[in-house]
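S.K.: Structural data only, the sequence is not supplied:
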């Protein structure tokens, strides 16, 4: 199913001009579906070496964890060849839906064509399915959230990803106000052999549908987002690894405290 142009992020509206007639979008909802291995292999090659890609067993469990958690992988083919792949999980949380944007990969041939904009819009449909499955009313708050690496001058792709999300209209939570960490995705035996879990510092980059122009988020909303991600990971990761102090929600600002939403590239060198 092709998303509606209305689901495109504000900065991605030009992607509506892309002729999508030649694309096939396969929404993978079981690990047994044939194109799962195609999508997983592409994501693992891009993200696995950096410890940013979950193991197959973790994703298999996530596929079966609905209806509160709806995990989906989208594999996009063009004339039978892989053009792009992404995965994401929608989580019903406190009357809202938080869609975790796990990974997004557009192959080089299709970069700067507008396809990346459509890939950022695909999770909106999943979020609406999650809202319906959990009895939430139409128009329930919907937040897309990506965990993004800090800029690394030795890894130029980190800056390119931040620039792409900034251009699309996403904003990042001020990391000085909330130091977010992603859990350790390594296999348990690797974690134990290296002295315990080592969460990775990341930035939270958000799109709140219908509220993209706002420049702050309060602590209560931020806790909803962080709690949804924590609950998602706690479904498959060991309690001992999730108990790392860096993952504690006590680090989240108080409910009424405003937290700045910044340009994703803020802090990067010119």
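M.R.: The structure has been received and is ready for your questions. Source: prediction; values computed, not measured.
S.K.: Give me the packing partners of the helix or strand harbouring residue 223, helices and strands only.
M.R.: Residue 223 belongs to helix 219-234 when assigned by DSSP states H and E. Other helices and strands packing on helix 219-234, by 3 or more C-beta pairs under 8 Å, 6 or more residues apart in numbering; DSSP states H and E, are strand 81-93, strand 96-106, strand 142-148, strand 203-208, helix 239-242, strand 258-262. For glycine as for every other residue, the C-beta is placed from the backbone atoms N, C-alpha and C.
S.K.: Compile those into TSV and extend it with columns for mean neighbour count and distance to residue 177.
M.R.: Listed next are the helices and strands packed on helix 219-234 as TSV, based on neighbours: other C-beta atoms under 10 Å; distance: least, C-beta to C-beta, whole Å:
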stretch	mean neighbour count	distance to residue 177
strand 81-93	23	20
strand 96-106	23	19
strand 142-148	22	16
strand 203-208	23	11
helix 239-242	14	23
strand 258-262	18	5
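S.K.: Please identify which of those is closest to residue 129.
M.R.: Among the helices and strands packed on helix 219-234, strand 81-93 comes nearest to residue 129, with 7.0 Å by C-beta to C-beta.
S.K.: Tell me the strands beside that closest one, with direction?
M.R.: In the sheet, strand 81-93 lines up against strand 69-78 (antiparallel), strand 96-106 (antiparallel) (DSSP bridges).
S.K.: Relative to the whole chain's centre, how far out is whatever helix or strand comes next after the longest one?
M.R.: By that I understand strand 96-106. With elements assigned by DSSP H and E, the helix or strand that comes after strand 96-106 is helix 115-133. Offset of helix 115-133 from its chain centre (C-alpha atoms, centre = their mean, to the nearest Å): 11 Å.
S.K.: can you check stretch 114-122 too?
M.R.: For stretch 114-122, the distance to the chain centre is 13 Å (C-alpha atoms, centre = their mean).
S.K.: got a list of contacts for that stretch?
M.R.: 2-3, 7-9, 12-18, 20, 23, 25, 74, 76, 83-84, 86, 88, 101, 104, 106, 110, 144, 164-165, 168, 207 (C-beta atoms under 8 Å, 6 or more residues apart in numbering).
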